[in-house]
Structure formats: structure tokens, C-alpha cells
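Trainee: here are the coordinates; sequence isn't available:
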């Protein structure tokens with residue numbers, strides 16, 4: 001069973017009571033052998049409703065329903081570029097998935113399925129091996145807000161270049177955050193996605209940990225700005241620690 005989560009952002013202005021916070025509101029699962037897809041709201045949806053006035057999505061209007069489909073739900077399918085398009089090979093190359101069998105779940109896990117016109121983002125469930133090790137890929141966040149020297153350094157990045165992972169406690173926009181810096185000359189390039197932050201903070205707080213990152217590829221224009229730097233993050237969580245195990249990620253209604 002493959003698992004992705006759906007996050008929703010409160011984009012109301014701060015002056016109108018908005019928080020800009022992201023909430024995990026849903027869980028998408030796929031049984032690829034049976035060709036079945038499942039969607040459930042998670043308990044993070046209740047928190048989004050209480051804090052930010054979230055309303056159920058038009059695609060999934062019943063919050064207590066366990067949705068089942070023989071095809072990927074349109075809400076998610078529409079966030080994957082169609083294979084028939086002439087720019088599909090370039091799209092897969094940007095995601096570092098060229099040469100692999102097309103799998104919408106893998107595409108969504110890396111791309112995030114973001115659209116500039118809405119408030120949703122898709123991200124993968126981080127799974128660990130028996131020894132606690134994990135690996136994930138994502139696009140560098142927030143690079144447009146770093147200084148000019150760092151933005152120029154991004155242009156010069158090479159595939160395989162090592163990056164340092166650093167904890168930031170008081171980011172003015174998000175509070176705690178995880179920074180990514182060049183290992184050789186310490187340019188702060190941007191941040192990891194929000195969904196990784198709390199688990200990485202827990203791992204770092206429990207003692208020495210081997211968490212490291214490297215550049216997979218740099219996509220220059222005309223690639224979208226939110227797909228500029230593809231990063232691979234690897235590490236090991238302390239024994240007994242399961243990532244994404246907070247109530248926000250639990251299904252709202254228990255399923256068999």
C-alpha cells in the first residue's frame with residue numbers, strides 16, 4: 001500500500017485572522033496490485049476547521065466517508081501532467097524520474113502536485129527501514145527569499161553536491177524550520193518542506209543523528225520556479241521513532 005497525504009493552507013490575510021499554516025487534512029492510499037485507490041480525511045482536518053475555518057473539499061464532500069475508486073481520484077489525477085503531452089519527457093526529467101515506469105504516485109510524491117491557484121499540496125508518507133533509515137526527495141523551498149549571493153550559488157550547484165541540514169528555531173514565517181546550506185561555503189539556499197520539520201526536530205533533539213542531503217539536479221528556466229532544485233534527504237531516526245505518527249495524520253474514521 002502506497003500512501004500520500006494532502007495538505008491545505010490557510011491563506012487568509014493575517015489582518016483577517018489568517019495563520020498561513022499548513023494542515024494535513026487527508027490521506028490518499030493506493031493498492032496498485034488491486035488497482036484500487038482510497039481517500040480519507042485525517043484528524044488534521046478537524047484542527048484546520050477549528051483554527052482556520054476549513055470546509056470539506058468539493059471532490060470529497062463527506063468528511064466521515066471512506067472513499068474508494070478503481071481510478072486515481074480526479075483531484076489528484078489533474079495534478080499530474082498527462083503522458084500524451086509533448087513536454088512530458090522534460091517534466092519527468094525535472095522530477096528526476098526519467099527512464100522509470102510512469103507512476104502517478106511517484107510523480108505526486110516529488111512534484112507536490114502544487115497549483116498556484118489553490119491551497120493544496122501533496123506529500124509522501126515517510127517510511128523507515130528496520131534500522132530507522134529513511135530517504136525522500138523534494139524541491140527546495142523558499143529559495144526566492146534568500147539573498148542574491150545564495151541565489152547565484154544555486155545556479156552553480158552540481159548534481160551530487162552535498163548540503164548541510166541545519167535547525168532554525170525562529171523563522172519569522174513558520175517558527176521552527178530546517179535550513180539547507182552548501183557544505184563547502186555555507187550559503188543558506190532555502191528550506192525543506194514543512195511536513196518534514198517536526199519529525200526532523202524530534203530526531204535531532206533525541207541525540208546525534210546522521211541526517212544529510214545532496215543535490216539531485218538543478219532545473220533552470222523555463223522550468224517552474226517551484227521546481228528549481230531537486231534534493232535528496234537521507235538519514236536515520238532514533239530507535240522506536242515513527243515519522244508522521246501524530247494525530248493529525250490519523251484517519252478521521254477508522255477503516256478495516
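Mentor: Nice, thanks for sending it over. Everything numeric in this text was worked out from a predicted model, so none of it was measured.
Trainee: Which positions within stretch 245-256 qualify as buried?
Mentor: Neighbour-count burial for stretch 245-256, counted by 16 or more other Cβ atoms under 10 Å, picks out 248, 249, 250, 251, 252. From N, CA and C alone the C-beta is placed, and that goes for glycine too.
Trainee: Which secondary structure elements does the helix or strand of the chain with the lowest mean pLDDT sit against?
Mentor: Every helix and strand of the chain was ranked by mean pLDDT, DSSP states H and E. The lowest is helix 197-205, at a mean of 84. Secondary structure elements in contact with helix 197-205, counted by 3 or more Cβ pairs under 8 Å, 6 or more residues apart in numbering; DSSP states H and E, are strand 162-171, strand 175-182.
Trainee: Show me what the helix or strand following that helix is packed against.
Mentor: Toward the C-terminus, helix 197-205 is succeeded by strand 212-218 as the next helix or strand (DSSP states H and E). In this structure, strand 212-218 makes packing contacts with strand 162-171, strand 229-236, judged by 3+ Cβ pairs under 8 Å, 6+ apart.
Trainee: what helix or strand does the most centrally placed residue in the chain sit in?
Mentor: Closest residue to the average C-alpha location of the chain: residue 123 at 3.6 Å, with Cα atoms, centre = their mean. Secondary structure from DSSP H and E places residue 123 in strand 120-124.
Trainee: Centre of the chain to that strand, how far?
Mentor: Mean-position distance between strand 120-124 and its chain equals 5 Å (Cα atoms, centre = their mean, to the nearest Å).
Trainee: Just send the helices and strands packed on strand 212-218 back as TSV, with distance to residue 183 and mean pLDDT too.
Mentor: What follows is these, written out as TSV (distance: least, Cβ to Cβ, whole Å; pLDDT from 0 to 100):
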stretch	distance to residue 183	mean pLDDT
strand 162-171	4	90
strand 229-236	13	94
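Trainee: so which of the ones you listed gets nearest residue 40?
Mentor: Shortest distance between residue 40 and the helices and strands packed on strand 212-218, using Cβ to Cβ, is found for strand 229-236: 26.9 Å.
Trainee: any weak-confidence spans in this protein?
Mentor: By pLDDT under 70, the low-scoring segments of the chain are 15, 100, 116, 206-209, 256.
Trainee: Swap in 80 and give it another go.
Mentor: 12-20, 98-102, 115-118, 172-174, 204-210, 255-256 (pLDDT under 80).
Trainee: Helices of that one, start to end?
Mentor: With DSSP state H, the ranges of helices along the chain come out as 44-52, 74-77, 88-94, 104-111, 148-155, 197-205.
Trainee: and among these, the most buried is which?
Mentor: Looking across the helices of the chain with neighbours counted as mean count of other Cβ atoms under 10 Å, the highest average goes to helix 104-111: a mean of 20.
Trainee: rewinding a little: out of the helices and strands packed on strand 212-218, which one sits most buried?
Mentor: Greatest average neighbour count among the helices and strands packed on strand 212-218 goes to strand 229-236 (a mean of 19), per mean count of other Cβ under 10 Å.
Trainee: Perfect, I'm done here.
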